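> Fold the following for me, if possible:
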Amino acid sequence: MDARLHLLPNGPAGPGPRRADATRNHALLLDTARRILDESGVEGLTMDKLAREAGLGKGTIFRRFGSRTGLLREMLNEIESDFQRRFMSGPPPLGPGAGAAISADAVTRLIAYGRERIELLSIQGDLLRASEEIGDERYSSPARAVGLLHLRILLKQAGFDGDIEVASFTLLAALEATLILYENRAEHISMQRLADGWELLVLKITACTS
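Predicted coordinates:
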């Protein structure tokens, strides 16, 4: 069933083939942006600071990414693409595994999906939250569509006999960065408790089988 999934970017594709120097600058800017993000968070990642620390002009940054939002989206694409690869073709319990002898069942993979997503939010949550604040277009992003399809497939494999479309939307909504980070930071609920809550939610939903 997972063969139906296709890795998708989270935003529009970038420009065509680049010159070698442009490719180097692109890699340098992303590496520098990741370092700034680790050191100063999303709020500290400004175009001025990126240009200064990368030793490049702001015009180079704007030509490559268009805007700060474009930069954040490209960084998010890398995170989402890596996560997608792991749940589409990686080892179990998140991925399907290489063979039936070591493959994880659908419920186990649903639980792993949420736990891994919450762990990802504990590391890159501010970047993911920034992408959610762009507007309603976040609900139609390719990366979100892949996540929804993955959850629907696993729910069907688990024998869920309810409204799979609504159930998958409900599950994915429970993993939104804005909500998870609010619960963790404002309500002081640990990421471990949130992950345990996800597992309980999956077990309750998948208990509704024929």
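
> Sketch out the low-pLDDT regions of this protein for me.
1-18, 98-103, 133-138, 208-210 (pLDDT under 70).

> Return the longest helix in it, judged by number of residues.
Assignment by DSSP state H gives helix 106-132 as the longest helix of the chain.

> which of the residues in whichever helix or strand comes after that one are buried?
Reading on from helix 106-132 to the C-terminus, the next helix or strand found by DSSP states H and E is helix 142-157. Under the neighbour-count criterion of 16 or more other C-beta atoms under 10 Å, helix 142-157 has 142-144, 146-155, 157 buried. C-beta: built from backbone N, CA, C; applies to glycine.

> And for stretch 42-59?
Across stretch 42-59, burial judged by 16+ other C-beta under 10 Å covers Val42, Leu45, Leu50, Ala51, Ala54, Leu56.

> just to revisit the earlier point, could you list every helix and strand in contact with the longest helix of the chain?
helix 68-89, helix 142-157, helix 177-185, helix 191-206 (3 or more C-beta pairs under 8 Å, 6 or more residues apart in numbering; DSSP states H and E).

> sorry, back to before: with distance to Glu80 added, can I get the buried residues of helix 142-157 in JSON lines?
Shown next, in JSON lines, are the buried residues of helix 142-157 (distance: C-beta to C-beta, whole Å):
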{"residue": "Pro142", "distance to Glu80": "9"}
{"residue": "Ala143", "distance to Glu80": "4"}
{"residue": "Arg144", "distance to Glu80": "9"}
{"residue": "Val146", "distance to Glu80": "8"}
{"residue": "Gly147", "distance to Glu80": "9"}
{"residue": "Leu148", "distance to Glu80": "13"}
{"residue": "Leu149", "distance to Glu80": "14"}
{"residue": "His150", "distance to Glu80": "12"}
{"residue": "Leu151", "distance to Glu80": "15"}
{"residue": "Arg152", "distance to Glu80": "18"}
{"residue": "Ile153", "distance to Glu80": "18"}
{"residue": "Leu154", "distance to Glu80": "18"}
{"residue": "Leu155", "distance to Glu80": "21"}
{"residue": "Gln157", "distance to Glu80": "23"}
